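Enquirer: here is a sequence together with a model predicted from it:
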Amino acid sequence: IAGITQAPTSQILAAGRRMTLRCTQDMRHNAMYWYRQDLGLGLRLIHYSNTAGTTGKGEVPDGYSVSRANTDDFPLTLASAVPSQTSVYFCASSAFTGTGDGYTFGSGTRLTVV
Amino acid sequence: GNSVTQMEGPVTLSEEAFLTINCTYTATGYPSLFWYVQYPGEGLQLLLKATKADDKGSNKGFEATYRKETTSFHLEKGSVQVSDSAVYFCALSSKVNTDKLIFGTGTRLQVFP
C-alpha cells in the first residue's frame, strides 16, 4: 500500500541524547515535510524539502536538522534532545505540483524526552 | 503572513445533530483550502479541499465552501455520527512556489449516542 512509513512509533529518550526519526515514502512525491503536534498549538512546520538535495527551515527549526539524499527518505535528527522537544512528530509528503493538492501523512512518532 | 484561525474546542454534540466548525484565514493571493481529520492515535487524513473562490469541497457528508468575501471555509455536516469523533484541522496552501500547508490549531469533536 502506497504511503509514508515513520519509525519508531514511540520513543522515550534521555535529555542530551541524539535521536533520528525516520520517514520513508513510496509515492515518488517530490516534497516532504516534518511537523510537530503539540496540544493547543496545532501542527508546526519544522523543516521541509521541495525536492531531493534541497531542504528548508520551517516555523520551529531550532534543535532539529534534516537531510534529503534521495526522493524517498527524509530523516529528522535531534542532535541533543531537550524536554521541550517532547511531542508527536509527523512526516508528510506532497507531489509539489504548485497547485496545493495537499499532503499524505505518516502515522506519527510519539517522542518523550526525560 | 498567512494564517488560519479555527474555533476552540471541544465541540460536543449528540448523534444526528448539525455540525459547524468555523475556519477563517489570512493569505495573500488565492490559496487552496483544506480540512484534515485526525482520528485517535492516527495521522492526519485529507477530508476535503477547495482550490478557488466559491468552490465547495465535500466528502463523507461533510461540506465546506470557499468564501473569499468573508475569508472563511467553515466545515458543516447535517447529521453527525459517533464515528465522526476526531480532531479537525483547517489548513491553507499559498500555491506560490510551494505546497507548504499552514494549519489551524485543530478542533476536537465529540459525538455522543
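Expert: Nice, I can see it. What you are looking at is a predicted structure, and each value in this text was computed from that prediction instead of being measured.

Enquirer: now the chain, which segments are flagged as low pLDDT?
Expert: Using chain A here. Applying pLDDT under 70 to chain A flags residues A:1-2, A:96-101.

Enquirer: switch to chain B, that's the one I care about
Expert: Chain B contains residues with pLDDT under 70 at B:95-99.

Enquirer: near chain A, which residues of it?
Expert: Within chain B, the residues that sit near chain A (Cβ under 8 Å from any Cβ of the partner chain) are B:31-32, B:34, B:36, B:42-46, B:49, B:51, B:89, B:93-95, B:97-106. (Glycine included, C-beta is placed from N, CA and C.)

Enquirer: now list the buried members of the residues you listed.
Expert: Neighbour counting by 16 or more other Cβ atoms under 10 Å in any protein chain shown classes B:31-32, B:34, B:36, B:43-44, B:46, B:49, B:51, B:89, B:93-95, B:98-106 among the residues of chain B next to chain A as buried.

Enquirer: gap between residue B:16 and residue B:87?
Expert: For residue B:16, the distance to residue B:87 (Cβ to Cβ, to the nearest Å) stands at 21 Å.

Enquirer: same deal with residue A:46?
Expert: Distance from residue A:46 to residue B:87, counting by Cβ to Cβ: 20 Å.

Enquirer: how about residue A:109?
Expert: Distance, residue A:109 to residue B:87, by Cβ to Cβ: 18 Å.

Enquirer: look up the closest residue to the most centrally placed residue in chain A, ignoring the ones flanking it.
Expert: Taking Cα atoms, centre = their mean, the centroid of chain A lies closest to residue A:34, which sits 2.7 Å from it. Excluding the flanking residues, the one nearest residue A:34 by Cβ to Cβ, 6 or more residues apart in numbering or on different chains is residue A:46, at 4.4 Å.

Enquirer: residue A:46 and residue B:87: who's more crowded?
Expert: Set residue A:46 next to residue B:87 and count neighbours by other Cβ atoms under 10 Å in any protein chain shown: residue A:46 wins out with 24 against 19.

Enquirer: residues in contact with that one?
Expert: By Cβ atoms under 8 Å, 6 or more residues apart in numbering or on different chains, the residues touching residue A:46 are A:34, A:35, A:36, A:58, A:59, A:60, A:61, A:64, A:66, A:76, A:89.

Enquirer: reformat those residues as a markdown table; add distance to residue A:10 and secondary structure.
Expert: What follows is those, written out as a markdown table (distance: Cβ to Cβ, whole Å; DSSP: H, G, I helix; E, B strand; the rest coil):
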| residue | distance to residue A:10 | secondary structure |
| --- | --- | --- |
| A:34 | 17 | strand |
| A:35 | 17 | strand |
| A:36 | 14 | strand |
| A:58 | 23 | coil |
| A:59 | 24 | coil |
| A:60 | 21 | coil |
| A:61 | 23 | coil |
| A:64 | 18 | strand |
| A:66 | 20 | strand |
| A:76 | 15 | strand |
| A:89 | 10 | strand |
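
Enquirer: list buried residues within those.
Expert: With burial judged by 16+ other Cβ under 10 Å, the buried subset of these is A:34, A:35, A:36, A:58, A:60, A:61, A:64, A:66, A:76, A:89.

Enquirer: run through the residues that contact residue B:79.
Expert: Residues near residue B:79 by Cβ under 8 Å, 6+ apart: B:16, B:17, B:18, B:61.

Enquirer: which element, helix or strand, includes the second one?
Expert: Right, the one you point to is residue B:17. Under the criterion DSSP states H and E, no helix or strand holds residue B:17.
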